[in-house]
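J.: curious how this folds, go ahead:
(chains A, B, C and D)
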2 protein chains.
Amino acid sequence: MTTEGRGLHTRVLDALGLAITAGEYPAGSVVRTDEVAQRFDVSRTVVREVVRVLESMHLVESRRRVGVTVRPAEEWNVYDPRVIRWRLAGADRPRQLRSLTVLRSAVEPVAAGLAARNATPEQCAALTEQALGMVATSRGRRLEEYLVHDIAFHRVVLNASGNEMFARLGDVVAEILTGRTRHQVMFDDPDPAAVTLHVGVAEAVREGDAARAEELTREIAVGALQELDVLAP
Amino acid sequence: MTTEGRGLHTRVLDALGLAITAGEYPAGSVVRTDEVAQRFDVSRTVVREVVRVLESMHLVESRRRVGVTVRPAEEWNVYDPRVIRWRLAGADRPRQLRSLTVLRSAVEPVAAGLAARNATPEQCAALTEQALGMVATSRGRRLEEYLVHDIAFHRVVLNASGNEMFARLGDVVAEILTGRTRHQVMFDDPDPAAVTLHVGVAEAVREGDAARAEELTREIAVGALQELDVLAP
DNA sequence: CGGCGGTAAAAAGTACGACGTTTACATCAC
DNA sequence: GTGATGTAAACGTCGTACTTTTTACCGCCG
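T.: Numbering: from 1, shown residues only, chains lettered A, B, ... in the order given. I've put the predicted structure just below:
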């Protein structure tokens, strides 16, 4: 339960953030800084800094005379990597995973198309390397190794798009892929069709074929969504 | 220069955030908390809270014995609304506007398609209402009124998609549209073609025609990108 | 009996000073 | 020249005192 962070600040922040995103404090409920300080056995200073960060994530709102009130989930900064991690660790993991995958399905095809236009030779090489790595580890219960290549592949695509907003989604994609591998029981090896599609994307980007890169990535995304349909209500 | 915020915290945070995103402190440069406290005539307590928030945005990194170091721009949490606002107020506004518009062009069509499937009758009504409002204010130098309807329209679409990640981009779109109206010299009325497209999207969503809603929104996005091409290098 | 205003308390906001902890850097010994 | 060691600089944490804002309560007046 204790996240065992580097400092007191991190420890309290993680604990509180996790509790809030998990719904332990319903929207509108209040906590007092002194109370939190006592509960975690830290000074009010530490708690105040934590509250300020939580406030910057729009998870809570601090008002005088009333305390720190939890904001409704719709107002949370769901793009904050820490909020994403907390929510993926919580109860409504499937719902969160679906939201993120839909986002992926919108963004990644466009990013791949841009990558086909903008990728540097180094990025093309990296892409091919990761695709080959995926092929090599796609059989024989080597899911963990496969995952590393998969994450690296998508990260390169997003970076190669040349768009900073896309590039910053690399962490999100990494979280999604990691979550899928770790938490959803995957008895067999990854879908061979997906592996082939990745190789195709690498090819298309290398050849500068934006339309094909976009289309193939769209198929990957559709596959990911369908895969999610099988395992989530 | 002074942002005249509600509290000392907000004032210092805005000033520092603005300065950092504006590039006044190059990546790697360090500032000391005491120094900042002195410069803004506030206590170290306030500065520490500000630094913690800045740290949570990945704008800076605080390390012992060295100080608060500014992180390279690639690591910033560019999805944080405050970072977006700071950057839009800064020097590389055009570049930022382009990045965001590309993101829009990827997300909004998919969101519109989902909206066509998921929109409630109330949302459909709101959509039609805003579209009509756009038509009504599309002539006669009523850009400010038009903007209000434009923002509301896109916000409804993103909310109606039923995806929280999309919904949270409403603020981003609002910033973009506002920036476009306010900062780019728009001598004449908005493009009539765009107005027609918005009406079409409202219709498509109402009729549950996901493919058409997506396609029309894609055309809106393409138009926005082209418009940006005319005004940015 | 009900509305209005003033006062008091509660909680966060701010400030300050002290000490702990880490770590870059310089110095010294080998 | 290289490694160990010491030192000081900066953040990290703490406790306390004071300020400010906001709410709630109580008493007064109509």
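
J.: most centrally placed residue in chain A?
T.: Compute the mean C-alpha point of chain A, and by C-alpha atoms, centre = their mean the closest residue is A:Val172, 2.4 Å away.

J.: so that one is in which element?
T.: Counting by DSSP states H and E, the element that carries A:Val172 is helix A:170-183.

J.: run through who's touching the helix or strand following that helix.
T.: Downstream of helix A:170-183, the next assigned helix or strand under DSSP H and E is helix A:192-207. Helix A:192-207 has contacts (C-beta atoms under 8 Å, 6 or more residues apart in numbering or on different chains) with A:112, A:115-116, A:119, A:123-124, A:127-128, A:130-132, A:134-135, A:138, A:150, A:153, A:157, A:160, A:209-210, A:212-213, A:216-217, A:219-220, A:223. C-beta: built from backbone N, CA, C; applies to glycine.

J.: buried set for helix A:192-207?
T.: By neighbour count with 16 or more other C-beta atoms under 10 Å in any protein chain shown, helix A:192-207 contains the buried residues A:194-206.

J.: doesn't A:Leu177 make contact with A:Glu144?
T.: No - under the criterion of C-beta atoms under 8 Å, A:Glu144 makes no contact with A:Leu177, lying 11.5 Å away.

J.: who are the packing partners of the helix or strand hosting A:Glu122?
T.: Secondary-structure element containing A:Glu122, defined by DSSP H and E: helix A:121-136. With contacts defined as 3 or more C-beta pairs under 8 Å, 6 or more residues apart in numbering or on different chains; DSSP states H and E, helix A:121-136 has these neighbours: helix A:143-160, helix A:192-207.

J.: what about A:Ala22, how many residues nearby?
T.: Neighbour count of A:Ala22, defined by other C-beta atoms under 10 Å in any protein chain shown: 14.

J.: OK, contacts around it?
T.: Counting by C-beta under 8 Å, 6+ apart, A:Ala22 has contacts A:86, A:90-91.

J.: any idea how far it is from A:Asp14?
T.: Per C-beta to C-beta, to the nearest Å, A:Ala22 is found 12 Å from A:Asp14.

J.: which residues are common contacts for these two?
T.: By C-beta under 8 Å, 6+ apart, the residues touching both A:Ala22 and A:Asp14 are A:Trp86.

J.: for chain A, what lies in contact range of chain B?
T.: A:9, A:45, A:48-49, A:52-53, A:56-57, A:73-74, A:77-82, A:99-100, A:102-103, A:105-107, A:109-111, A:114, A:163-168 (C-beta under 8 Å from any C-beta of the partner chain).

J.: of the residues you listed, grab the buried ones for ChimeraX.
T.: Filtering these down to the buried ones (16+ other C-beta under 10 Å) takes a single ChimeraX command:
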select /A:9,48,49,52,53,56,57,73,77,78,79,80,81,82,99,100,102,103,105,106,107,109,110,111,114,163,164,165,166,167,168
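
J.: ok, which of the residues of chain A next to chain B also contact DNA strand D?
T.: Among the residues of chain A next to chain B, the ones lying near DNA strand D by C-beta under 7 Å from any atom of the strand are A:9, A:45.

J.: quick one: find the helix or strand in chain A with the lowest mean pLDDT.
T.: Every helix and strand in chain A was compared by mean pLDDT, DSSP states H and E; the lowest is helix A:170-183, with a mean of 88.

J.: output it as CSV, restricted to C-alpha atoms.
T.: C-alpha atoms of helix A:170-183 as CSV (Å, rounded to 0.1, in the frame of the first residue of the first chain):
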residue,chain,number,x,y,z
GLY,A,170,4.2,7.9,-25.8
ASP,A,171,4.0,7.4,-22.1
VAL,A,172,0.2,6.9,-22.3
VAL,A,173,0.6,4.2,-25.0
ALA,A,174,3.3,2.6,-22.9
GLU,A,175,1.0,2.4,-19.9
ILE,A,176,-1.8,0.9,-22.1
LEU,A,177,0.4,-1.8,-23.6
THR,A,178,1.9,-2.6,-20.3
GLY,A,179,-1.5,-2.9,-18.7
ARG,A,180,-2.8,-5.1,-21.5
THR,A,181,0.1,-7.5,-21.2
ARG,A,182,0.3,-7.6,-17.4
HIS,A,183,-3.3,-7.6,-16.3
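
J.: DNA strand C contacts on chain A?
T.: A:31-34, A:44-45, A:48, A:51, A:62-68.

J.: from those, which land in helices?
T.: A:33-34, A:44-45, A:48, A:51 (DSSP state H).

J.: the more surrounded of A:Glu144 and A:Leu177?
T.: Using other C-beta under 10 Å, the more surrounded residue of A:Glu144 and A:Leu177 is A:Leu177, with 19 against 11.

J.: just to check, that one is in contact with A:Leu147?
T.: Yes - with contact defined as C-beta under 8 Å, A:Leu177 reaches A:Leu147; the gap is 6.1 Å.

J.: now for the least confident helix or strand of chain A, which elements pack on it?
T.: Right, helix A:170-183 is packed against helix A:81-89, helix A:93-118, helix A:143-160 by 3+ C-beta pairs under 8 Å, 6+ apart.

J.: relative to the whole chain's centre, how far out is the shortest one?
T.: Between the centre of helix A:81-89 and the centre of its host chain there is 8 Å, according to C-alpha atoms, centre = their mean, to the nearest Å.

J.: so what's A:Gly5 scoring on pLDDT?
T.: We have a pLDDT of 54 for A:Gly5.

J.: for A:Glu74, same thing?
T.: So A:Glu74 comes in at 94 (pLDDT).

J.: helix, strand, or coil at it?
T.: helix (DSSP: H, G, I helix; E, B strand; the rest coil).

J.: so what's it up against?
T.: A:Glu74 makes contacts with B:164, B:167, as judged by C-beta under 8 Å, 6+ apart.

J.: export the helices and strands packed on helix A:121-136 to JSON lines and tack on distance to A:Pro26?
T.: Converted to JSON lines, those look like this (distance: least, C-beta to C-beta, whole Å):
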{"stretch": "helix A:143-160", "distance to A:Pro26": "35"}
{"stretch": "helix A:192-207", "distance to A:Pro26": "40"}
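
J.: could you point out which of those sits nearest A:Arg182?
T.: helix A:143-160 (8.5 Å; C-beta to C-beta).

J.: if I look at the residue lying farthest from the centre of chain A, what pLDDT would I see?
T.: Largest separation from the mean C-alpha position in chain A: A:Arg65, at 36.8 Å (C-alpha atoms, centre = their mean). On the pLDDT scale, A:Arg65 is placed at 93.
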